[in-house]
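> dropping a prediction and its sequence here:
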Amino acid sequence: KEREWDLESVIRYIKVIGGPPGREGLLVGLKDGQILNLFIDNPFPIVLLKQQSGIRCLDLSASRMKLAVVDEHNSCVVYDLKTKEILFQEPNANSVAWNTLNENMLCFSGDGCLNIKANDFPVHQQKMLGFVVGFSGSRIFCLQSVSMTSVDVPQSASLYRYLEKKMFQDAFDVACLGVTEGDWRALAMEALEHLDLKTSRKAFIRIRDIRYLELIHSIEERQKRGEGNDDLYLADVYAYEGKHQEAARLYKKAGFASRAMDLFSDLRQFDYAKEFMTGSDQTEVKQLIKKQAEWCNTTNDPKAASDMFITAGDYKSAIEIIGGNGWMERLMEVARGLSKAQSEELNLCAHYFKQNGHHSYAADIYTRLNDNKALVELHVDTHHWEEAFGLVEDHPEFTDSVYMPYATWLAENDRFDEAQKAFHRAGRSDEAGKVLEQLLYNALNENRFTDASYYYWILAKQSLDGTTGDEKMSEESRIAKFDEYYAKAEMYYTYQAVQKYTDEPFTSHMPEVLFHIARYLLNLLSKSCPPGISRVKTLYTLAKQSQQLGAYKLARHAYDKLQGLQIPPAFQETVDIGSVTIRSKPFHDKEELLPMCYRCSTTNPLLNSMGNRCINCQQPFVYSFYSFEVLPLVHFVLEDGLRDEQAVELISKDSEAPAAASQDQWQESASGNVQSLRLTDEPESSNQFTAQLMNFEHGSTEYRPVVATRAMLQSMHESEVVVQKWPSPKRWNFYKNIMSDVTVAMDTNSQKIFLAEDYDLLVLQNKLPFTHSSTQLG
């Protein structure tokens, strides 16, 4: 659509002023001084105004109520379109533009300067070449030759002029165009001091000052309730600003002198605070003295502070200062000046005496108060057991309060036998096991798995000797309980290495040792997983070490198991990568890693459904309890009618005479028409033991141990037999070392068997299992 207008004079300047679709408008300036408004849908021009000189540039304000014109004389004239009056004019202008975001702000250029004018305030100038063509917010658009540039101009000057006139809303509008945080704070503070809370709140929101926003909210709430007056509100503002003297004067003027006193008391300016004390109120005097005492205490003058607290009658605070500094003689003087009715203060004195090791002073105070319960607790906490026992004789109701902590103290100091006697003395033999179980619970909560294994070992021994509190338990039940606790002790002892490997940056164990430990532990966890032990960490350790050592089939099995468990985020990436990379490895394990049974010489797979047993003869493997390598030991039991001690005596006897031995070495055999005489290297009894090694049913799930006769035992040398001597009623375990070149050793405390070099290492490191005591070579 096109429209044409015929005008009376030459057009000097046209500006598009926009409008609704189809009704857009143009602002036209003519050479004869006319200023017209043209609309596309109106064929007739609308005359806005006419001036004497020609038009060079013009612009309409955002509300279309003001018109800025630059004439041929380089004067910038601003008109009010409603009244046609000149609002103001400025010289030296060649172009002009209104701020599109602020009705009262324009800019014009001329003589190499940029001029910004807000309202009727003086013009703000800065150097700039070119012609102004637009002004939006704090950015001015200028045409220089053939290029368009934008200039960011500060609005601070205009802001502060509005603040001088107390025009806070107009100042806020200018600040929204773009000012610094310091300018926002100046606006917020100035408005707040003049109680323009609305503008101040909006300004503080801009700079996110929660502290002053809370103050404004408090003032508004009080204004709604009709509390206080403007002087009180302004005093709060001055106090927030740090103008304390002005705030105090306004508090006093508003009738709140106590607030002025509190203000200076909080500032530790007690001399100023005294000036605002009203009358001779003793409560205020004591309160001020207490605050001054608190200040002295924080400024490292506790002696003066304690004296002030005593003067103010605050004995509790004085006692806390004196006791905290360890002035026991001074504390005793204060305690002697207290009456029996001041029980709280006396108890506090006793607490500090007890804390500083003055047991007798504390006991005197509790005796004064006739507080036998506190006296018992004092003796118990300070481990004055004889005094505690004497008090129990006179007051039997404190029996549990004394003997329970006493037994716990003994147990914590590894004096479990004495702890048992203490419980028996109190008639509480069942509590001994509870103490140990509590120690065990704490150890598991704190991930002290070595300590947990030690406590389970103690519980296992106690279950055999009948000191667990249930003396009516049968021997079979006691042995079953022992086996349960002993298995858990093994689990926690081995899991300690796994936990350190997964949670700590370094480990002292070799990859082969970690591999054997993880595999051994995983077999123990096949039925159940005790509290504190992570099946994920065990499988993670086994997968990592298996992949490193070449047990790829076992590693794949471990990764597959991990995929069905909840994996911690720290392990997730490693498990995912390992699960993928293991697919590129062969589906078998290295032969040198496969365990061999020394009874039937069967090589067992690493993935063993039988657990830590041979898949052929079902004999349990015997591991060195450090490296967890399979030891060349064969388990055997004694024939009926032979006691454990007798078997040891038979093994310890001297061997047969050489001549007799030489005669026994000849064996005669007959087959058809052939008779033969064979010289053997071993006596017949040894051959009988060797023959029994294969005395089992292939494919059977029942374990049939070797049964040793008297003759077999006599033929054995003491150095090739290892005996686990369990406490009664559990029978001893007998093992024969079938490889004489492999030296084994046994810890007589835990009854664990080791390779000799493993045992020597543990002794040197003082890390033998289940024990904190010295050990011997078995």
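Perfect, thanks for sending it. Since we're looking at a predicted model, the values are computed, not measured.

> tell me what the closest residue to residue 39 other than its chain neighbours is bridged to.
Spatial nearest neighbour of residue 39, excluding adjacent residues (CB to CB, 6 or more residues apart in numbering): residue 25 at 5.0 Å. Heads up, the C-betas are built off the backbone N, CA and C, glycines and all. Residue 25 has the following beta-bridge partners by DSSP bridges: residue 18, residue 39.

> any idea how far residue 25 lies from residue 31?
In this view, residue 25 and residue 31 are 21 Å apart by CB to CB, to the nearest Å.

> what's the neighbour count on the residue nearest to residue 39?
For residue 25, the neighbour count with other CB atoms under 10 Å is 20.

> for the stretch 101-250 of the chain, just list every one of the strands.
With strands called from DSSP state E, counting those that start in this stretch, the stretch 101-250 of the chain shows them at 105-110, 113-118, 124-127, 131-136, 139-144, 147-152.

> between the fifth one and strand 131-136, how big is the angle?
Counting by axes from the mean of the first three to the mean of the last three CA atoms, to 10 degrees, strand 139-144 points 160 degrees away from the direction of strand 131-136.

> which elements pack onto strand 139-144?
With contacts taken as 3 or more CB pairs under 8 Å, 6 or more residues apart in numbering; DSSP states H and E, strand 139-144 sits against strand 131-136, strand 147-152.

> format the ones you listed as a markdown table; extra columns: mean pLDDT and mean neighbour count.
Listed next are the helices and strands packed on strand 139-144 as a markdown table, based on pLDDT from 0 to 100; neighbours: other CB atoms under 10 Å:
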| stretch | mean pLDDT | mean neighbour count |
| --- | --- | --- |
| strand 131-136 | 87 | 20 |
| strand 147-152 | 84 | 11 |
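
> the ones you listed: which one's closest to residue 329?
When these are compared by CB to CB, strand 147-152 sits nearest residue 329, at 73.0 Å.

> run through who's touching the closest one.
Applying CB atoms under 8 Å, 6 or more residues apart in numbering, the contact partners of strand 147-152 are 114, 128, 130, 133, 138-142, 178.

> could I have the PyMOL command that selects the buried members from those residues?
Of the contacts of strand 147-152, the buried ones can be selected in PyMOL as follows, counting by 16 or more other CB atoms under 10 Å:
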select buried, resi 114+128+130+133+138+140+141+142+178
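
> from the contacts of strand 147-152, which two are the most distant?
Farthest pair in the contacts of strand 147-152, by CB to CB: 130 and 178, 21.0 Å.

> hmm, residue 496 and residue 521 touching each other?
No - using CB atoms under 8 Å, residue 521 is not in contact with residue 496, being 10.3 Å away.

> more neighbours: which of the two?
residue 521 (24 against 20).

> ok, and the closest non-adjacent residue to the more buried one?
Nearest to residue 521 is residue 494, by CB to CB, 6+ apart, at 4.7 Å.

> after the helix or strand encompassing that neighbour, which helix or strand is next? Please name it.
Element membership for residue 494 (DSSP states H and E) is helix 475-503. Per DSSP H and E, the first helix or strand lying C-terminal to helix 475-503 is helix 511-524.

> who touches that following helix?
With contact meaning CB under 8 Å, 6+ apart, helix 511-524 is reached by 487, 490-491, 494-495, 497-498, 501, 507, 509, 533, 535, 538-539, 541-542, 545-546, 548-549, 551, 554, 593, 606, 608, 611-612, 623, 626-629.

> and if we set it to 7 Å?
If you take CB atoms under 7 Å, 6 or more residues apart in numbering as the criterion, helix 511-524 is touched by 487, 490-491, 494-495, 497-498, 501, 538-539, 541-542, 545-546, 548-549, 606, 611-612, 623, 627-629.

> just the buried ones out of those, please.
Of the contacts of helix 511-524, these count as buried by 16+ other CB under 10 Å: 490-491, 494-495, 497-498, 501, 538-539, 541-542, 545-546, 549, 606, 612, 623, 627-629.

> what does residue 748 show for phi and psi?
phi -70, psi -20 (degrees, to the nearest 10).

> could you do the one 5 residues further on as well?
Comment: the main-chain dihedrals of residue 753 come out as phi -110, psi 140, following degrees, to the nearest 10.

> same for the helix holding residue 494, what does it pack against?
Using 3 or more CB pairs under 7 Å, 6 or more residues apart in numbering; DSSP states H and E, the elements in contact with helix 475-503 are helix 449-465, helix 511-524, helix 535-549.

> which one of the ones you listed lies closest to residue 721?
Closest to residue 721 of the helices and strands packed on helix 475-503, according to CB to CB: helix 449-465, at 23.1 Å.

> could you pull up the mean pLDDT of that closest one?
In this model, helix 449-465 has a mean pLDDT of 84.

> from the contacts of strand 147-152, pick the one nearest residue 192.
residue 178 (22.0 Å).

> name the nearest residue to residue 437, ignoring sequence neighbours.
The shortest distance from residue 437 to any non-neighbouring residue, by CB to CB, 6+ apart, is to residue 459 (7.5 Å).

> burial count for that neighbour?
21.

> please tell me how far it sits from residue 708.
32 Å.

> which stretches in the stretch 601-750 of the chain count as strands?
633-638, 666-671, 674-679, 706-708, 721-724, 733-737, 744-746.

> which strand or helix spans residue 572?
Element membership for residue 572, per DSSP H and E: helix 569-581.
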